[in-house]
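J.: I'll drop the sequence and a predicted model, then ask my questions.
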Amino acid sequence: MRAKARDLDTMIRRVRRKTVQARDKPNVVGVDLKDNAKEGLEPTVIDDINLLDEEQGADWISIPDDTLVGLFGLLNYRDRASLASVCKTWRRLAASSCLWTSLDLRAHTLDAVMASSLAGRCKNLKRLRFRGAGPASAIVGLKARGLRDLSGDVCRDLSDATLSMIAARHESLESLQLGPDCERLTSDAIRVVAVCCPKLKRLRLSGLRDVDGDAIGSLVKMCPNLIELGFLDCLAVNEGALGAATSLRFLSLAGSRNLSWNVAAHVLSKLPNLYAIDVSRTEVTAGAVTRLLGAPQLKVLCALSCPTLEDNSDAVSKLKTKILLARFTDFVKDLDSLFPRAFRSDTRSSVRENGWSSSPSAWRQGWAGREEDRSGEVMEWVEWVLSHALLKIAESNVPGLDNFWLKQGTEVMLRLLKSKQEDVQEKGATALATFVVIDDENATVDKARAEAVMKGGGIASLLDLAKSCREGVQAEAAKAIANLSVNTEVAKTVATEGGIRILAALAKSPNRWVAEEAAGGLWNLSVGEDHKGAIAEAGAIEALVELAFKWPSGGEGVLERAAGALANLAADDKCSTEVAGAGGVHALVMLARFCKHEGVQEQAARALANLAAHGDSNGNNAAVGKEIGSLEALVQLTCSSHEGVRQEAAGALWNLSFDDRNREAIAAAGGVEALVALAQSCSSGSQGLQERAAGALWGLSVSEANSIAIGREGGVAPLIALARSDSEDVHETAAGALWNLAFNPGNALKIVEEEGVPALVHLCSSSQSKMARFMAALALAYMFDGRMDEVAAGVVLCENNARGGGLDGARKLAMRNIDTFVQAFSDQPTLQAATVSWAPSFLAAVAESARIQEAGHLRCSGAEVGRFVAMLKNGSAVLRGCAAFALLQFTMPGGRHAMHHAGLLQKAGAGRVLRAVAAAATAPLQAKVFSRIVMRNLELCPSDTPQAFP
């Protein structure tokens with residue numbers, strides 16, 4: 001009996017909460033836009049220019065140089081490089097140093113050779129962002145002596161020597177930001193920075209172990225223009241030394257520990273120019289906060305997520321002229337009051353009506369509109385502090401914050417998306433991506449939080465960011481969209497607002513980070529049936545397949561997400577065909593064969609399983625089997641140490657075994673041995689793994705040779721164990737495999753010897769699954785229709801079987817339960833009425849009451865049909881009734897293989913046997929009526945056009 005088609009896998013979602021702190025080395029150098037870059041520019045701007053050229057006949061050669069330079073300034077590095085290849089003039093203009101004032105190297109490799117090649121263009125470089133200690137060492141090779149703003153991420157391995165070298169070569173630095181977890185940096189490096197960079201205005205360092213008084217003293221003495229200082233998440237900071245920093249306007253000690261807040265409050269409250277301070281995520285006390293707020297010059301104090309303070313919030317004395325940003329205050333309202341021009345009476349009501357601004361940039365515009373120069377600085381600092389604090393709070397995933405997130409946190413994060421600071425936009429998007437996820441492992445998104453973002457216009461804002469040409473912003477916006485799209489209502493909004501096309505375009509990005517997050521968004525949107533068609537229409541399938549070839553190694557994150565999205569899409573018949581047509585079979589097999597990352601292997605195997613699940617409607621099943629190395633790779637993956645990989649590989653082999661050639665090729669590749677071993681070892685595994693292990697053996701056992709091999713390799717015992725499972729899916733699949741195995745007399749005897757009869761009897765009588773009961777009954781019928789007797793002659797059964805009465809006892813137990821099973825589908829009055837008149841209406845009523853709908857998916861071979869026909873002539877009335885009942889199921893009109901079975905019955909000469917049973921006076925009632933129904937079914941399913949199985 002061919003195993004029934006396995007249902008397509010439950011669609012899998014993936015979310016990511018925390019900011020990625022380290023990535024594999026990327027491969028291309030890129031440049032960010034100038035500060036005045038136009039937002040919202042599509043990444044396919046080159047195609048747009050070509051289209052304009054064709055439609056309007058524009059003469060691009062005659063455009064003045066300054067106009068071209070202005071246009072180039074609106075493009076990212078890659079589009080600019082594409083245009084530079086047009087002609088020598090454009091190449092010269094694209095290399096203009098005025099276009100190279102800002103450089104973002106976070107997603108790209110920078111080594112000494114690359115730095116040397118770029119040095120000629122970096123004469124006017126003012127702003128640089130990098131990631132990791134390796135690129136940091138190569139920064140001096142850019143020879144950007146006029147560099148003013150340097151920002152580094154993932155600086156865990158950055159050493160004092162490297163930072164000292166950078167500082168010595170860039171004496172014009174005005175802003176230096178490094179983090180998080182700069183655990184190798186010491187106060188010695190800070191002293192070198194102070195000496196070498198006297199123009200320094202802003203210093204933000206995160207994760208240092210100790211900041212001593214000498215380092216702070218050097219900064220105070222050597223950097224007279226220093227107005228902002230940030231020591232975040234440091235183990236120790238000499239708070240007393242900060243009292244000498246009289247030039248400071250802004251100070252952040254967020255997350256730092258081991259501070260004496262009595263000393264700190266006393267010292268800091270006396271700083272004459274200190275306007276704002278951030279003490280978030282510290283153990284600051286209510287008394288310290290009250291003292292700080294009492295300082296006349298201090299206007300803003302940020303104290304988000306401070307447990308000690310929150311426990312004593314009533315003790316805080318807050319002045320009306322001061323702003324305290326804390327979870328227990330309405331700090332959004334306070335910020336609005338700080339910049340009243342943003343919220344005049346004609347706009348304030350609409351802004352606050354729903355808790356967010358109806359004019360997305362109102363907050364920012366209000367701050368920028370202040371007459372005082374300090375307003376812009378305050379706005380930038382507050383934005384940065386809030387973005388950092390909210391992201392940290394979101395990452396901590398502390399329970400009990402729903403009220404804060406819904407009343408204030410969401411609104412603030414949405415406002416941060418409108419900031420003109422790129423790093424604030426990124427952190428705002430990352431915070432949104434993080435705070436909605438409440439369970440990483442199970443991809444659980446908080447419904448209320450996700451819908452609050454949606455109702456606040458957050459989807460449109462994120463899509464706007466995703467369309468920008470700044471790749472860091474693109475990646476974080478795509479991540480937020482991906483996580484939010486786990487919520488079905490948000491997913492609909494993303495689709496309605498054009499998000500699928502945007503993600504499909506981003507999936508084609510040469511930037512691996514961007515492509516990875518876009519693929520993650522498509523993965524989540526492809527769950528269910530609502531958006532698969534739109535994803536295919538947007539060209540995303542081709543983009544996802546291409547990712548497998550673009551990053552065959554070193555890009556495990558993007559490969560896993562692309563394979564996951566393709567797996568979901570392959571569950572749809574039409575999309576499955578498109579995946580195969582786009583080269584998806586080859587791409588996925590390559591991932592299964594050569595990628596060593598378990599997440600990629602799991603999703604590739606799942607995608608192949610879903611592609612192979614459409615064997616009746618397209619040729620993907622056969623195509624997967626024909627792909628070189630596919631079956632061998634899947635067999636090998638069943639031996640993986642990762643349960644998810646083993647489960648999906650077994651599922652793929654189960655579906656592939658529906659094809660006759662695949663079935664034999666799987667066995668030739670060692671599939672029988674591997675799957676038996678998997679079944680033997682999965683007793684403590686998940687139900688999904690157990691089901692697929694049994695299902696793959698069920699599929700292989702359709703072949704007589706494979707069935708014998710499974711018995712020989714010890715497959716009977718683990719299948720009996722799985723048949724005892726409480727899970728319907730597991731024991732139903734195991735029953736199917738045992739049914740196939742029982743066709744062979746030798747295997748039937750093994751089932752008896754391994755005490756399989758009680759397990760099958762239990763299924764036959766007690767399972768809630770009709771299919772499990774049906775197949776268990778048929779397995780018992782195979783075992784005791786007489787063919788096992790010759791094999792069993794002279795065999796000594798084990799002690800337990802002997803105590804149970806041996807073969808005779810097992811036979812009686814089986815027959816009794818087979819008869820009970822058949823009787824359960826037989827209404828005696830209806831049967832009696834049918835035998836009186838044989839009226840079609842009575843027969844139809846009997847057939848419908850006896851029908852097991854799922855049995856229509858089963859497909860028998862000619863030998864199996866012949867065995868049931870022979871069983872109709874068996875001396876046992878129970879077996880005759882069981883055989884007629886089985887043939888009724890296999891020939892019911894509407895069944896997938898009813899015509900196939902009708903043809904086989906015709907070839908077996910079953911008509912004569914059926915008529916004899918129906919007319920026999922001594923035949924059991926069920927056998928008589930069911931045989932007559934089978935004859936009627938054969939008339940309704942003509943055998944002259946049998947259905948061919950692929």
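T.: The structure has been received and is ready for your questions. Small disclaimer: the values here were computed from a predicted structure and weren't measured. Residues are numbered from 1 along each chain as shown.
J.: return the list of helices and strands in contact with the strand or helix carrying A902.
T.: Using DSSP states H and E, A902 sits within helix 898-907. Judged by 3 or more Cβ pairs under 8 Å, 6 or more residues apart in numbering; DSSP states H and E, the packing partners of helix 898-907 are helix 862-871, helix 877-891, helix 925-940. Bear in mind the C-beta positions are built from the backbone N, C-alpha and C, glycine included.
J.: now it: average pLDDT?
T.: Across helix 898-907, the average pLDDT comes to 92.
J.: return the set of buried residues in that helix.
T.: 898-905 (16 or more other Cβ atoms under 10 Å).
J.: got the CA positions of that helix in CSV?
T.: Below are the C-alpha coordinates for helix 898-907, written out as CSV (Å, rounded to 0.1, in the frame of the first residue of the first chain):
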residue,chain,number,x,y,z
ALA,A,898,-10.6,4.9,-7.3
MET,A,899,-10.2,4.5,-11.0
HIS,A,900,-6.8,2.9,-10.6
HIS,A,901,-8.2,0.4,-8.2
ALA,A,902,-11.1,-0.3,-10.5
GLY,A,903,-8.7,-1.2,-13.2
LEU,A,904,-6.7,-3.5,-11.0
LEU,A,905,-9.9,-5.3,-9.8
GLN,A,906,-10.9,-5.8,-13.4
LYS,A,907,-7.5,-7.4,-14.2
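J.: C-terminal to it, what's the next element?
T.: Downstream of helix 898-907, the first helix or strand assigned by DSSP H and E is helix 910-919.
J.: in this structure, where is pLDDT below threshold?
T.: 1-61, 76-78, 338-374, 553, 616, 792-805, 942-950 (pLDDT under 70).
J.: show me it divided up by domain.
T.: 64-97, 149-339+377-388, 683-804, 826-949 (the TED database).
J.: ok, the nearest residue to F825 once chain neighbours are set aside - contacts?
T.: Sequence neighbours aside, A850 is the residue nearest to F825 in space, at 4.4 Å (criterion: Cβ to Cβ, 6 or more residues apart in numbering). With contact set as Cβ atoms under 8 Å, 6 or more residues apart in numbering, A850 has these partners: 825-826, 885, 888, 930, 933.
J.: now the helices and strands packed on helix 898-907 in a markdown table, with mean neighbour count and distance to T733?
T.: A markdown table is the format used below for those (neighbours: other Cβ atoms under 10 Å; distance: least, Cβ to Cβ, whole Å):
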| stretch | mean neighbour count | distance to T733 |
| --- | --- | --- |
| helix 862-871 | 20 | 18 |
| helix 877-891 | 26 | 18 |
| helix 925-940 | 22 | 26 |
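J.: mind checking which of these is nearest D402?
T.: With Cβ to Cβ, the closest approach to D402 among these belongs to helix 877-891: 52.7 Å.
J.: what's that closest one packed up against?
T.: Helices and strands touching helix 877-891, by 3+ Cβ pairs under 8 Å, 6+ apart, are helix 770-783, helix 806-824, helix 840-850, helix 862-871, helix 898-907, helix 910-919, helix 925-940.
J.: grab the longest helix from this protein for me.
T.: In the chain, with assignment by DSSP state H, the single longest helix is helix 374-396.
J.: so P198, which of the three states?
T.: At P198, secondary structure determined by DSSP: H, G, I helix; E, B strand; the rest coil is coil.
J.: residues near it, how many?
T.: 15 (other Cβ atoms under 10 Å).
J.: now H108
T.: Counted with other Cβ under 10 Å, H108 comes out at 23.
J.: for it, helix, strand, or coil?
T.: Following three-state DSSP, H108 is assigned to coil.
J.: next, D153: phi, psi?
T.: D153 adopts backbone torsions of phi -110, psi 160, taken as degrees, to the nearest 10.
J.: please report how far the closest residue to it other than its chain neighbours lies from R106.
T.: Spatial nearest neighbour of D153, excluding adjacent residues (Cβ to Cβ, 6+ apart): R131 at 4.6 Å. According to Cβ to Cβ, to the nearest Å, R131 and R106 sit 4 Å apart.
J.: what do those two both touch?
T.: D153.
J.: quick revisit: any idea which of the domains of the chain is most buried?
T.: Mean neighbour count, computed with mean count of other Cβ atoms under 10 Å, is highest for domain 683-804 among the domains of the chain, reaching a mean of 22.
J.: contact partners of stretch 533-548?
T.: By Cβ under 8 Å, 6+ apart, stretch 533-548 touches 495, 500-501, 503-504, 507-508, 515, 519, 522, 525-526, 555, 558-559, 562-563, 565-566, 569, 574-575, 578-579, 582-584, 587-588, 590-591.
J.: which among the residues you listed end up buried?
T.: Buried residues within the contacts of stretch 533-548, counting neighbours by 16+ other Cβ under 10 Å: 495, 500-501, 503-504, 507-508, 515, 519, 522, 525-526, 555, 558-559, 562-563, 565-566, 569, 575, 578-579, 582-584, 587-588, 590-591.
J.: how far away is F774 from M892?
T.: In terms of Cβ to Cβ, F774 sits 13 Å off from M892.
J.: wait, a helix at A450?
T.: Yes: judged by three-state DSSP, A450 forms part of a helix.
J.: nothing else from me, thank you.
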